[in-house]
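Student: Output the structure for:
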Amino acid sequence: MKKKLLFVINTLSRAGAETALLELLRRLDSQEYEIYLYVVTGQGELADKLPGYVRLLNSTFSGESVLTRRGRGELLRRICRSFLRNGRLPDKLHYVMKNLISMVKERRIQADKLLWRVLSDGAERFDVCFDLAMAWIEGGSVYYVADHVKARKKAALIHIDYENAGYTRAMDQGCFERFTNIFAVSEETKRHFCNVYPEYEAKTDVFHNIVNQEVIRLRAQEKGGFSDGYGGFRILTVGRLTWQKGYDIAIEATKILKEKKYDIRWYVLGEGELRKVLTKKIRELGLEKDFILLGQRDNPYPYYAQTDLYVHATRFEGKSIAIQEAQTLGRAVIASDCNGNLEQIADGEDGILCGLTPRSVAEKIEDLYLNEGKRSRLGEKAKKKEISYERELRLFRNLLE
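Tutor: This next block holds a predicted model:
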């Protein structure tokens, strides 16, 4: 008898957690497992990348990214349906209002954190008992697996700095008690999760995101990449247009560098809710030709290969797949010295760490702009970092024993 595996994820948009899940799914033996996937939001542009043996359980599914305007409209409609589906409307409203008041007091309102439980409680239900149900990311998928899935074992994978990402024990409502195993994508991610939930440290382990370096190197050779004919110094960042990613600081750092007459152009691959805000800031600082929001790309790897420097100046991280991709392709990397990035960069050896201020970011970029030899040494050292995932695959198999 094949073992029944269910993976649950919030979206199938083009981002790190989704990319890592697809890579794990490709490595699972369809002769040994029946593999199912449920997407809490029921949307995402990567559905056509699923292996043929993975059964998508959503009765309806939209290929629109939740980060685009049309995708946000679709998501809003799904949220409204979630309030009404499966009953308990007063409880759902009470949950949202209670946590909204808490967010207002802390002056940090995060709509996604408010609505993950509503989406989870209003999601589809299945009368199947799985051998393993794995919530691939925090938030809605964790709540859904904890409360609405029947499984012999339940596992959760945490991708972010739980202390600083905006989640609280009040939001979670004791859901982690119902998991047999909890994983974090890095040692730092584990530490921050256990600071919030010290009682679960014994059942928490590290499970690194799986990145296929061979595929990254092959796809970097495909047609694509920059097409603007620019001949100066290219800087690249890949990531969603969110507060976490620190693009406001990157834009100000670009202004500092341009005032020094450096021939640089900073490109961003990604979409998100801050596009209008960032576009306005770029325009106000007169950087329309110097800080370019390219949007999403199906194959970002030619851009990595064609850039002079990769910068990842974020406010917090779990473990960045974008940094791993840049290092795999031999790019020199500058990253902020925040949680998550510290574990991926050996400062001065295979990358550079910086403070999260426009001045610090600009100074580190200036140093590597003026020192091609140093840039090359950092990139070559990073390129030699081979990654093995035998331990992760063994951990996964052990869940099913």
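Student: Spatially, what comes nearest to E366 if we skip its sequence neighbours?
Tutor: L257 (6.6 Å; C-beta to C-beta, 6 or more residues apart in numbering). Every residue, glycine included, has its C-beta placed from N, CA and C.
Student: my guess is that neighbour meets K364, correct?
Tutor: No - contact criterion C-beta atoms under 8 Å: L257 and K364 do not qualify, at 10.8 Å.
Student: As a check, name the ranges of all strands in the stretch 101-250 of the chain.
Tutor: 129-135, 150-158, 181-184, 204-206, 233-238 (DSSP state E, counting those that start in this stretch).
Student: Turn the ones you listed into TSV, columns for distance to L294, mean neighbour count and mean pLDDT.
Tutor: Shown next, in TSV, are the strands of the stretch 101-250 of the chain (distance: least, C-beta to C-beta, whole Å; neighbours: other C-beta atoms under 10 Å; pLDDT from 0 to 100):
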stretch	distance to L294	mean neighbour count	mean pLDDT
strand 129-135	32	22	96
strand 150-158	29	21	96
strand 181-184	31	24	95
strand 204-206	33	17	94
strand 233-238	9	23	97
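Student: Output those strands as a markdown table; include the columns distance to E214.
Tutor: Shown next, in a markdown table, are the strands of the stretch 101-250 of the chain (distance: least, C-beta to C-beta, whole Å):
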| stretch | distance to E214 |
| --- | --- |
| strand 129-135 | 25 |
| strand 150-158 | 23 |
| strand 181-184 | 24 |
| strand 204-206 | 23 |
| strand 233-238 | 19 |
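Student: can you tell which of the ones you listed is closest to I79?
Tutor: I79 sits nearest to strand 129-135 of all the strands of the stretch 101-250 of the chain, at 19.4 Å, using C-beta to C-beta.
Student: Output stretch 325-336 as CSV, nothing but the C-alphas.
Tutor: Extracted C-alpha coordinates of stretch 325-336, given in CSV (Å, rounded to 0.1, in the frame of the first residue of the first chain):
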residue,chain,number,x,y,z
GLU,A,325,20.7,31.0,-6.0
ALA,A,326,23.0,34.0,-6.4
GLN,A,327,25.9,32.1,-4.7
THR,A,328,25.3,29.0,-6.8
LEU,A,329,25.8,31.2,-9.9
GLY,A,330,29.0,32.8,-8.5
ARG,A,331,27.7,36.2,-7.8
ALA,A,332,29.2,38.4,-5.0
VAL,A,333,26.5,38.9,-2.4
ILE,A,334,25.9,41.8,0.0
ALA,A,335,23.3,41.0,2.7
SER,A,336,22.0,42.8,5.7
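Student: one step back: out of the strands of the stretch 101-250 of the chain, the one nearest V268 is which?
Tutor: Evaluated with C-beta to C-beta, the strands of the stretch 101-250 of the chain place strand 233-238 nearest to V268, the distance being 5.0 Å.
Student: residues near the closest residue to I345 other than its chain neighbours, how many?
Tutor: Leaving aside its sequence neighbours, I345 sits nearest to G351 (C-beta to C-beta, 6+ apart; 3.9 Å). Neighbour count of G351, defined by other C-beta atoms under 10 Å: 24.
Student: Could you list the low-pLDDT ranges of the stretch 1-150 of the chain?
Tutor: Scanning the stretch 1-150 of the chain for pLDDT under 70 picks out 99, 103, 106-110.
Student: returning to what we had before: model confidence for the residue nearest to I345, exactly?
Tutor: For G351, the pLDDT comes out at 93.
Student: Can you tell me how far it is from T279?
Tutor: Look at G351 and T279: by C-beta to C-beta, to the nearest Å, they are 29 Å apart.
Student: swap in I264?
Tutor: For I264, the distance to T279 equals 19 Å [C-beta to C-beta].
Student: L309 too?
Tutor: Using C-beta to C-beta, L309 is found at 23 Å from T279.
Student: more crowded one of those two?
Tutor: Applying other C-beta under 10 Å to L309 and T279 shows that L309 carries more neighbours, namely 24 against 14.
Student: contacting residues around the nearest residue to the more buried one once chain neighbours are set aside?
Tutor: With sequence-adjacent residues excluded and distances taken as C-beta to C-beta, 6+ apart, L309 is closest to I235, at 5.1 Å. With contacts defined as C-beta atoms under 8 Å, 6 or more residues apart in numbering, I235 is in contact with 264-267, 307-311, 365.
Student: Now for M1, how many residues are close by?
Tutor: Applying other C-beta under 10 Å, we find 5 residues neighbouring M1.
Student: right, I mislabeled it, should have said K280
Tutor: For K280, using other C-beta under 10 Å, the count is 11.
Student: That one belongs to a helix?
Tutor: Yes - with DSSP: H, G, I helix; E, B strand; the rest coil as the criterion, K280 is part of a helix.
Student: Check the gap between it and L287 for me.
Tutor: 11 Å.
Student: do the same with K105
Tutor: 36 Å.
Student: Looking at those two, which has the bigger crowd around it?
Tutor: Higher neighbour count among K105 and L287: L287, with 18 against 8, using other C-beta under 10 Å.
Student: nearest spatial neighbour of that one, skipping sequence neighbours?
Tutor: T254 (5.7 Å).
Student: now do L115
Tutor: I79 (5.7 Å).
Student: Number of residues surrounding the one you found?
Tutor: Neighbours around I79, by other C-beta under 10 Å: 15.
Student: pretty sure A184 is touching V196, no?
Tutor: No - using C-beta under 8 Å, A184 is not in contact with V196; the gap is 11.5 Å.
Student: buried set for stretch 138-154?
Tutor: 138-146, 148-149, 151, 154 (16 or more other C-beta atoms under 10 Å).
Student: rewinding a little: out of the strands of the stretch 101-250 of the chain, which gets nearest to T19?
Tutor: Once the strands of the stretch 101-250 of the chain are compared by C-beta to C-beta, strand 233-238 is nearest, at 10.9 Å.
Student: So what are the sheet partners of the closest one and their directions?
Tutor: Strand 233-238 has its sheet partners listed here by DSSP bridges as strand 264-269 (parallel), strand 309-312 (parallel).
Student: ok now it, how far from the chain's centre?
Tutor: Relative to its parent chain, strand 233-238 has a centroid offset of 19 Å by C-alpha atoms, centre = their mean, to the nearest Å.
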